[in-house]
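Enquirer: Output the structure for:
(3 chains)
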Amino acid sequence: MARLRLGLFTLIVFIVSTFAPVAAQDAAPPITLTLAGYAVPREAYGDIIPLFQSYWQEQTGQQVIVLESYQASGAQSRAVASGFEADVVALSLQPDIQSLVDAGLVSADWKEDNDYQGFATQSLVVLAVRPDNPRGILDWADLAQEDIEIITPDPATSGGAQWNILAAAGAAQRGFVAGYEGESGGAKFLRALIGNIAVLDRDGRESFLTFERGIGDVAITYENEVYAGLAVGGEYSLIYPTSTILIENPVAVVDSYVDLHGTREVAEAFVNFLRSPDAQRAFANRGFRPVNPLVRVEYGIADADVEVTPDPQAAPAVVERNPDITFPAVTDLFTIAEFGGWSEARPAYFSEEGIFTQIIAEAQGG
Amino acid sequence: MRETEARSPVAIALIIGVLGYAALLFIAPLLAMINGAFAKGLEPLLATFQDPSVIHAFQVTLLLSFAAVVINTLLGLTTAWVLVRHRFRGRNLFDTLVDIPFVFSPVIAGYAMIVLFGRNGWLAPPLFPIVFAFPGILLAKVFVSLPFIIREVQPVLEALTPEPEDAAYTIGASRWTTFRRVVLPEIWTALLYGIVLTFARAIGEFGAVTVISGNIEGYTETATSFVFRALNDRNNTGAYGVSVLLCLFSVVILIAMNALRGRIIHKEP
Amino acid sequence: MTQIPLSYPTGQGAVAVKRAQAPSFGAWGLRFIALTYLGAFILVPLIVIQVQGVRFGLDVFWQSITRPEATSAILLSLYTSAIMAALNTVIGTLTAYVLVRYRFPGKRLFNMLIDLPFAIPTLVIGVMLVLLYGPQTPIGRFFDTTLDIQILFAVPGIVLALLLVGYPFVIRAVQPVLLQMDFSQTEAAQTIGASAWTTFWRVIFPALRPAIVTGALLSFARSLGEFGSIIVVAGNIPMRSQMGTVYVYTQVEAGNLQAASSVSMVLLLIAFGVTVGIDLLKWRRHA
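Expert: Numbers count the residues shown, from 1 in each chain, chains lettered A, B, ... in the order given. Sure thing, here's the model as predicted:
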């Protein structure tokens, strides 16, 4: 009888001790979020993801594991469309998200549910030259000189490359490139520029690394990419052209995959978090121009028609400002609207019969 | 041909020329890479090898390469046997097929997989993801290392005389026992050599993996993908460190190859 | 059947051995396994490529391979592989000769290192070359400023990478033949006063020729499909420094699957033609 009671007692203790930890656990098991990014923001997301992880932990008590993949924007977009089950995509340009909408993976209203038209960061197309600028490159026009070697990525895969080409064409069209003004100036300038391209890398990061390794006299790249290089001791001078294009980088939740994985809540929270002040400060510290009005003011980007009143209730900034980063204004800043939006620009320049494709075939074939 | 001592100036010039070429071609770059790995000192290098994503990348590479070796050994041995011992229509066609992975760009293999198993692929949707996941990487490794075992074992199988096997059958041994006791010892060295080559090729595979793995850091990244990514991350210590480690693996493989080849070449036909 | 070099004398060719006692059930099982294996892993990708290449019709197929960039990429692959094969022939033969003929310190180590390009991942090969011959290195800078030759990210860099990848082929094809060579003929030549060169050219070389050709053709075919090292060292300017395999890769990443497939098919056909050619040579010799 005593043995039976002992056995029963042990059994009860065993059952209770097995279930007690489970009962005490109010946190859900860890959740995994997959981020598919374009090539250059890898360091920025490296800063932001831990911030998000602690934010999410605080809000829900759940641990989130973020898996990251970074490659050329176009290539990444195609990978997601072919079956790479990313929950969130952060790409270089809007058309790369549009192709996911067309593929039925992202809902058509991805831009609607926020104040930023779907964008998380901005940047500018800039020029990078050797420290002492031996070729004396100061603006777009200098890139058309004889035997200058230009480094820019390949528009077939790289989003940054498309921004670069359109910046050059736009600057010429708007009359800021001496000798190449006007409607036809754009194509003429591109012809001169493309003839000088030395290497076409797959994405913005690889392109800029090629420049760092000593190839070329000037690199056309993202402002944030030059900052990324400078931050680790790269030696080059950053040159802002008088006229350049405003780069806007979109982020979206991949609806099909988040529903498949059950990660919708955390994915949407992540995308929203990217526009929160601290995440935006983290982006800014890496050289990405923020979209959040408050942070824009903090980093000295003046927007004429925006009134920003700091919220006294807001949480203090977790992220400190990086003093090495400045975001100067350029004389003439235009957007993709200059070309009638991406729906017109992309086919006009980068399709089979596009201006860029034609010029490459001519210029190099001779 | 017998070895002689190098005496004439022609001989010495030849030796120096040949060695010098090899030095310039790969010994010097190899040393440069080792130098590059240690450029920032021992600490960052050690930190690289303790980085969880590096460890994970090696785990992925070694595990999947090992699996590829097992698959290719079992199936490759079977194929070599069938190609040598069976006669059937189309045998020559299949025989020539074996060389394809040897000259096929691996990128295409990866992309063929996407066409087959991708989201809108011919054989999609699979039960579990194949592309952008481990099964895809495994298939890629199997593909690129497929010919080696077959091509190494085939000639030896062909050269076998029928007597020992016939003798085994006459005393009542089963086919399997005959294979195990009579054939296998004869082909063993060639098989091992093929295994070593297969392993080397599977570890080094990069083209297909870069297309179909999604390169998810710390997850589907292989050692070679890591090197590629490290270069892009400006993590030169990491890139060169992992490269040097991969080379160490290669050296071990080299030693094995060398030991086995010596035994193959000096076997009497 | 192509042999990967490092082979050894084979027997009398394939012999079909009929095992009267062997149950054919097991044989059919084996055959099924083997053919499914080859079919699944090799035939299927081939079929996929072909279908993708011609899915819009033969004229589109033709167009995509006659586009300037495509043709240029294919020709660059052929051209650089040919240069490499030619250089490799000479150097490989000499290296094999040196390895077999002479004793010298470090010979065993050297013999082992020959296979290094076989064992190292091709990406690492590319990384190594950039590290030593890249534009910011002393060597690279010397070539660039003094001799005005850009090594890496240009055609010389491509040939360099291919030379490294193809290094073992000729050597390992020739070595076994040299080792088994009958010394008496060379001795005879020397007793009648032939110089070392004449001995080599008239006596040794003809016997080596098949092996040399095999090794060279193999390295050529291998180079046509080389990717890992090229992606790191090549300049990727369409029509100037873009290799066939890199062109295919770019097209795949850019979503032009039809173009990628067509050019792959061309490269594959050429490489395959070469390996079949090697087999034919071998069959002729054994006939």
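Enquirer: does chain A sit close to the biggest helix by length in chain B?
Expert: In chain B, taking DSSP state H as the definition, the longest helix is helix B:52-85. No. Using Cβ under 8 Å from any Cβ of the partner chain, helix B:52-85 stays clear of chain A, coming no nearer than 10.1 Å. Backbone N, C-alpha and C define where each C-beta goes, glycine included.
Enquirer: packing partners for that helix?
Expert: If you count contacts as 3 or more Cβ pairs under 8 Å, 6 or more residues apart in numbering or on different chains; DSSP states H and E, helix B:52-85 packs onto helix B:91-97, helix B:134-144, helix B:147-159, helix B:184-204, helix B:223-232, helix B:236-265, helix C:24-38.
Enquirer: between these, which gets nearest to residue A:330?
Expert: Of all those, the one in closest proximity to residue A:330, counting by Cβ to Cβ, is helix B:223-232 (28.1 Å).
Enquirer: Show me what the closest one is packed against.
Expert: helix A:204-212, helix B:52-85, helix B:184-204, helix B:207-212, helix B:236-265, helix C:122-133.
Enquirer: Mean neighbour count, mean pLDDT and distance to residue B:114 added to those, as JSON lines?
Expert: Conversion of the helices and strands packed on helix B:223-232 to JSON lines gives the following (neighbours: other Cβ atoms under 10 Å in any protein chain shown; pLDDT from 0 to 100; distance: least, Cβ to Cβ, whole Å):
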{"stretch": "helix A:204-212", "mean neighbour count": "27", "mean pLDDT": "89", "distance to residue B:114": "22"}
{"stretch": "helix B:52-85", "mean neighbour count": "20", "mean pLDDT": "93", "distance to residue B:114": "18"}
{"stretch": "helix B:184-204", "mean neighbour count": "22", "mean pLDDT": "90", "distance to residue B:114": "20"}
{"stretch": "helix B:207-212", "mean neighbour count": "28", "mean pLDDT": "84", "distance to residue B:114": "6"}
{"stretch": "helix B:236-265", "mean neighbour count": "20", "mean pLDDT": "84", "distance to residue B:114": "26"}
{"stretch": "helix C:122-133", "mean neighbour count": "27", "mean pLDDT": "88", "distance to residue B:114": "21"}
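Enquirer: Nearest to residue C:271, out of those?
Expert: Judged by Cβ to Cβ, the one of those that comes nearest to residue C:271 is helix B:207-212, at 14.8 Å.
Enquirer: and that closest one, does that touch chain A?
Expert: No. Helix B:207-212 stays clear of chain A (Cβ under 8 Å from any Cβ), getting no nearer than 8.6 Å.
Enquirer: Please name the nearest non-neighbouring residue to the closest residue to chain B within the stretch 101-250 of chain C.
Expert: Residue nearest to chain B within the stretch 101-250 of chain C (Cβ to the nearest Cβ): residue C:121, separated by 3.1 Å. Of all residues not flanking residue C:121 in the chain, residue B:204 sits nearest, at 3.1 Å (Cβ to Cβ, 6 or more residues apart in numbering or on different chains).
Enquirer: picking that back up, got the contact list for the residue of the stretch 101-250 of chain C closest to chain B?
Expert: If a contact means Cβ atoms under 8 Å, 6 or more residues apart in numbering or on different chains, then residue C:121 has B:203, B:204, B:205, B:206, B:223, B:224, B:227, B:246, B:250, C:228 as its contacts.
Enquirer: if we can go back for a sec, what's the closest of the helices and strands packed on helix B:223-232 to residue C:67?
Expert: The nearest among the helices and strands packed on helix B:223-232, by Cβ to Cβ, is helix B:207-212 at 22.0 Å.
Enquirer: Need the contact partners of that closest one.
Expert: For helix B:207-212, using Cβ under 8 Å, 6+ apart, the contacting residues are B:105-107, B:109-111, B:113-114, B:131-132, B:136-137, B:140-141, B:143-144, B:222, B:224-225, B:228, C:227-228, C:231, C:245, C:249, C:252-253.
Enquirer: Could you tell me which of the residues you listed count as buried?
Expert: Buried residues within the contacts of helix B:207-212, defined by neighbour count using 16 or more other Cβ atoms under 10 Å in any protein chain shown: B:105-107, B:109-111, B:113-114, B:131-132, B:136-137, B:140-141, B:143-144, B:222, B:224-225, B:228, C:227-228, C:231, C:245, C:249, C:252-253.
Enquirer: can you pull the buried residues of stretch A:257-274?
Expert: For stretch A:257-274, burial by neighbour count (16+ other Cβ under 10 Å) applies to A:257, A:258, A:261, A:263, A:266, A:267, A:268, A:269, A:270, A:271, A:273, A:274.
Enquirer: With stretch B:7-14 instead?
Expert: By neighbour count on 16+ other Cβ under 10 Å, the buried set for stretch B:7-14 is B:11, B:14.
Enquirer: Show the residue spans covered by the strands in the stretch 1-150 of chain C.
Expert: In the stretch 1-150 of chain C, the strands defined using DSSP state E, counting those that start in this stretch lie at C:102-103.
Enquirer: Tell me if I am right that residue A:323 is in a helix.
Expert: No. Assessed with DSSP: H, G, I helix; E, B strand; the rest coil, residue A:323 is coil; it does not lie in a helix.
Enquirer: For the stretch 101-250 of chain A, what lies in contact range of chain C?
Expert: Close to chain C, as judged by Cβ under 8 Å from any Cβ, the stretch 101-250 of chain A has residues A:154, A:156-157, A:197-202, A:210, A:213-215.
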